[in-house]
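Undergrad: predicted model and sequence follow; I will ask about them next.
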Amino acid sequence: MDITKEQLLKRCKEDFVFFAEKAFQIIDKSTNQRIRFKLNRIQRYYWDNHSKFDYIIKSRKGGVSTFNIARFIHKCNFFDNKRAIMLTQNDDATVKMFRERVMPMVRNSLWPMNVKIKESEGMIEFLDTGSTFYIGTAGSKKFGRGSDITDYHFSEFAHWDDPEVLTAVEEALMDDAEGVIETTANGINFAHQLWKKSIQGNSRYKGIFIPWIMDDTYRIKGIQGFNDITKEEKDLIDVFGVDMEQMAWRRKKRKDMSQVELFCQEYPVTSDEAFISSSAMIFDWVALIEHEKFCKHQGWTGLLKDMGEEVRFYPVDSGNLKIWKMPTVGHAYVIGADIAEGVKNGAFSAASVIDINEMEQVAEYHGHIPPDEYGDSLFNLGRFYNNAVLIPEAWPGCGAVTTQKLIDLKYPKIWKREKSDYSHKTESMLFGWETTKRTKPKMIHKMSEGIKDFAFKIRSSALIDECRSFVYDGEGMIPQEGCFSDRVIAFAIAWYVASKYLQDIDPENKTFRSMFKRGIGTGIVSISHFKGNPAVRPT
């Protein structure tokens, strides 16, 4: 059926993909020849999942920028008074983007376009619609101010010197504006912070991750298998379905890279892996993916109040206590606590509650609170969970204040360290946990083993996030820049002490027998260690 010129014009205006694949041409990378523009797998995936404002973390190349160049040209050609901008990380990238991608797409378009190209200004004017398309460098805070921007694309945002340009552009947006941020990762920086907000629903942007395995060009065809498969490669096969052609490409790319430690940043398979950069994750990333499936968003948020005879929970949306399971009669609990100064915008105090009978995290405290007041909160938390064993981090930092408060309140079960010949002058100085160069590797290693072996269930997705950004930096184990580790430390303390009690098994205990069958936990001979003693310590 023939269509009229008016019908064709209407469809080209309303159907961007139809127009782009009919009108635009690009240069094929393998042949260096001009070919018809056809959406690849990544571009199709993005188009199917795009929103008004998107933030894309991706591997190298993929064609996202090319796709949006085509979108902006289409908009400027068919719609009046569009002000589209594309900003890159430096002047060289801007010139290359304009000369090698934007200008050729306009000039080689099979649909005639009435334009004026101002190469020195990095601008194309669309004379029939009064629209403009500008390509520039993100080098000035003033950029975008006073302009009525309708569409923007930020390329390699994580590599910008001045991220505040984003604010300037956002302040100049029209009501119907649309925007895209796309970038490869660049460690833990401003781009990572915005990404976390985006995937948590706390920014205007929708987070979209595009792994390297989605790129059909990242494979060596004809490869059917290997004689040797590493554990890391087996994880990629089992978890992400990487095939042998993709694995062959991955091996070759890693071999060709002068800095192979940057492979995960340049070609990530998960968004968390992308931001690890040259640092090394301490906790097994495959296991964390599985643990994340057990995280619960349902539960209760609120605070505890001491009512004299009992401690009661009150739901409050702004509360610092998250509960996934209320206390169970007859169950034993341990609570590890990381203690900060309580300064606003500083480090957080955190506590993690582990149910020993079920081997799972049941509650988590996280907030800014003065150390002495934190003692009151931990006192209530411990009483609420059946007089749990409390393990406050007494050193380093201000934990001694919190620990002393618990002693003054006569909390019945404060964990107590073994006495040494050289360290502590008084008995009270033995209460609480000491994080030192000797104990920190032990407790983190114990937690790492537990995560890998699924010895417990983690309910906090925030704890999983902290685990992913807790790394070796060449000198020690620390959170990456811009991240925190308070939840990690609190859980590690709790698990280290708890695991000391889980060395003997009661064969008649059906709960623990079933845990062994599932491979997710161990049992304890007696919970007497957790009952009735003013101070509790491993035997």
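TA: Done, it's in. A quick note: this is a predicted structure, and the numbers were derived from the prediction, not measured.
Undergrad: can you list the weak-confidence ranges in the stretch 251-400 of the chain?
TA: 276-279 (pLDDT under 70).
Undergrad: contacting residues for the residue positioned nearest the centre of the chain?
TA: Closest to where the C-alpha atoms of the chain average out (C-alpha atoms, centre = their mean) is residue 272, at 4.9 Å. Residues near residue 272 by C-beta atoms under 8 Å, 6 or more residues apart in numbering: 285, 288, 465, 468, 469. C-beta coordinates here come from the backbone N, C-alpha and C atoms, glycine included.
Undergrad: am I right that it falls within a strand?
TA: No - secondary structure of residue 272 (DSSP: H, G, I helix; E, B strand; the rest coil): helix, not part of a strand.
Undergrad: list the strands paired with the lengthiest strand in the chain, with their directions.
TA: The residue-count maximum for a strand in the chain (DSSP state E) belongs to strand 173-183. Using DSSP bridges, the strands paired with strand 173-183 are strand 53-58 (parallel), strand 149-155 (parallel).
Undergrad: can you list the buried residues in it?
TA: Buried residues in strand 173-183, defined by neighbour count with 16 or more other C-beta atoms under 10 Å: 173, 177, 178, 179, 180, 181, 182, 183.
Undergrad: using PDB, list the CA coordinates for it.
TA: Output of strand 173-183 as PDB, limited to C-alpha atoms (Å, rounded to 0.1, in the frame of the first residue of the first chain):
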ATOM      1  CA  LEU A 173      15.800  23.300  31.700                       C
ATOM      2  CA  MET A 174      12.400  23.900  30.100                       C
ATOM      3  CA  ASP A 175       9.400  22.100  31.700                       C
ATOM      4  CA  ASP A 176       9.300  19.500  28.900                       C
ATOM      5  CA  ALA A 177      13.100  18.800  28.900                       C
ATOM      6  CA  GLU A 178      14.700  15.400  28.700                       C
ATOM      7  CA  GLY A 179      18.200  14.400  29.700                       C
ATOM      8  CA  VAL A 180      20.700  11.600  29.600                       C
ATOM      9  CA  ILE A 181      23.900  11.000  31.600                       C
ATOM     10  CA  GLU A 182      26.100   8.200  30.300                       C
ATOM     11  CA  THR A 183      29.500   7.200  31.500                       C
END
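Undergrad: what residues does it touch?
TA: 50, 52-58, 64-65, 68, 83, 148-159, 166, 169-170, 191, 194, 205.
Undergrad: please pick the buried ones from those residues.
TA: Going by neighbour count (16+ other C-beta under 10 Å), these have 50, 53-58, 64-65, 68, 83, 149-159, 166, 169, 191, 194, 205 buried.
Undergrad: what's the mean pLDDT across the longest strand of the chain?
TA: Strand 173-183 shows a mean pLDDT of 95.
Undergrad: so which bits of the very next helix or strand once past that strand are buried?
TA: Heading C-terminal from strand 173-183, the first helix or strand you meet, by DSSP states H and E, is helix 190-199. Buried positions in helix 190-199, judged by neighbour count with 16+ other C-beta under 10 Å: 191, 192, 194, 195, 196, 198, 199.
Undergrad: ok, the third one touching residue 200?
TA: Yep, that's residue 194 we're talking about. No - here residue 194 does not reach residue 200: they are 10.8 Å apart, not a contact under C-beta atoms under 8 Å.
Undergrad: per the record, what domains does the chain have?
TA: For the chain, automatic domain parsing gives the domain ranges 5-210, 231-278, 300-500.
Undergrad: pull the distance from the last one to the chain's centre.
TA: Centroid separation between domain 300-500 and its chain, computed with C-alpha atoms, centre = their mean, to the nearest Å, is 23 Å.
Undergrad: from start to finish, how long is that domain in a straight line?
TA: With C-alpha to C-alpha, to the nearest Å as the measure, domain 300-500 spans 30 Å from end to end.
Undergrad: quick one: which helix or strand includes the nearest residue to residue 329 once chain neighbours are set aside?
TA: Of all residues not flanking residue 329 in the chain, residue 386 sits nearest, at 7.7 Å (C-beta to C-beta, 6 or more residues apart in numbering). Counting by DSSP H and E, there is no helix or strand that carries residue 386.
Undergrad: which non-adjacent residue is nearest residue 343?
TA: residue 368 (7.0 Å).
Undergrad: for the one you found, what are phi and psi?
TA: phi -90, psi 120 (degrees, to the nearest 10).
Undergrad: for it, give me its contacts.
TA: 340, 342, 343, 344, 346, 348, 349.
Undergrad: thanks a lot, catch you later.
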